[in-house]
Every structure is written in structure tokens, then in C-alpha cells.
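Novice: Got a predicted structure plus its sequence, pasted below:
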Amino acid sequence: MESVQGICGVSPNGGTGGVHKVAVCVCAMQEIGGLKRLSQLDLSENKLTKLPEEMGSLSSLTDLLLSQNQLECLPDSIGQ
């Protein structure tokens, strides 16, 4: 399992050996790009005003939930 310093909590995904949920401390947002195999990320209800460019390096990310934040735009790296 991949790990990134500053990740607050990780829940295993059943018996697949993957990660189902990741709780990210705001201070660890810059380090989240190290989770290359992360497929789902729920950052809802965090009052975030911006996301780091490192989010674009999450090449396996298929679901990104961002509701109830204060984002005005997404980093250019997302979706590339």
C-alpha cells in the first residue's frame, strides 16, 4: 500500500488490497499527488478554496467529490 506523510487515516478496500477511503489533513494536500493508485477521493464539506497542482498526478483517480467547498477553479493539471 502506498503511503504519504500527513495522511490522517486509511480504510482498506475489502479484500482487494487497495485503499477505499483516505482522510487527508489540509496540511497534506501538497503530498496527495504521491497516491498514484488512488481511484476515489472525497474532499466534500471541507471549505477548500483551492486544490494543489499535484492533484493532476493522480492518474488512477476516477471519482473526485468536491461538493460544499469554496472552489472557484480547478488546477490546470486536473484532467490531463
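Specialist: Right, received. Where do you want to start?

Novice: C-alpha from now on. contacts and neighbour counts both.
Specialist: Noted.

Novice: worst-scoring helix or strand of this protein, pLDDT-wise?
Specialist: strand 7-13 (a mean of 47; mean pLDDT, DSSP states H and E).

Novice: residues in contact with the closest residue to L61 other than its chain neighbours?
Specialist: Nearest residue to L61 in three dimensions, chain neighbours excluded: S39, at 3.9 Å (Cα to Cα, 6 or more residues apart in numbering). Residues in contact with S39 (Cα atoms under 8 Å, 6 or more residues apart in numbering) are 60-63.

Novice: And the pLDDT at S39?
Specialist: pLDDT for S39: 86.

Novice: do T49 as well
Specialist: T49 carries a pLDDT value of 90.

Novice: how about low-confidence regions in the protein?
Specialist: Applying pLDDT under 70 to the chain picks out residues 1-30.

Novice: Tell me which stretches of this protein form strands.
Specialist: Using DSSP state E, the strands of the chain run over 7-13, 18-24, 40-42, 63-65.

Novice: So Q70 is in contact with T49, correct?
Specialist: Yes - the pair Q70 / T49 is scored as a contact, 4.8 Å apart, by Cα atoms under 8 Å.

Novice: hang on, the earlier thing: which of the contacts of S39 are buried?
Specialist: Buried subset of those (neighbour count, 16 or more other Cα atoms under 10 Å): L61.

Novice: is it possible to export the contacts of S39 to CSV including distance to I32?
Specialist: Listed next are the contacts of S39 as CSV, based on distance: Cα to Cα, whole Å:
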residue, distance to I32
S60, 13
L61, 12
T62, 15
D63, 15
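
Novice: ok, so of the contacts of S39, who is nearest S44?
Specialist: Nearest to S44 among the contacts of S39, counting by Cα to Cα, is D63 at 11.9 Å.

Novice: Could you verify my assumption that that closest one touches Q40?
Specialist: Yes - using Cα under 8 Å, D63 makes contact with Q40 at a distance of 4.7 Å.

Novice: which non-adjacent residue is nearest N69?
Specialist: Using Cα to Cα, 6+ apart, the nearest residue to N69 is K47, at 4.2 Å.

Novice: Thank you kindly, that will do.
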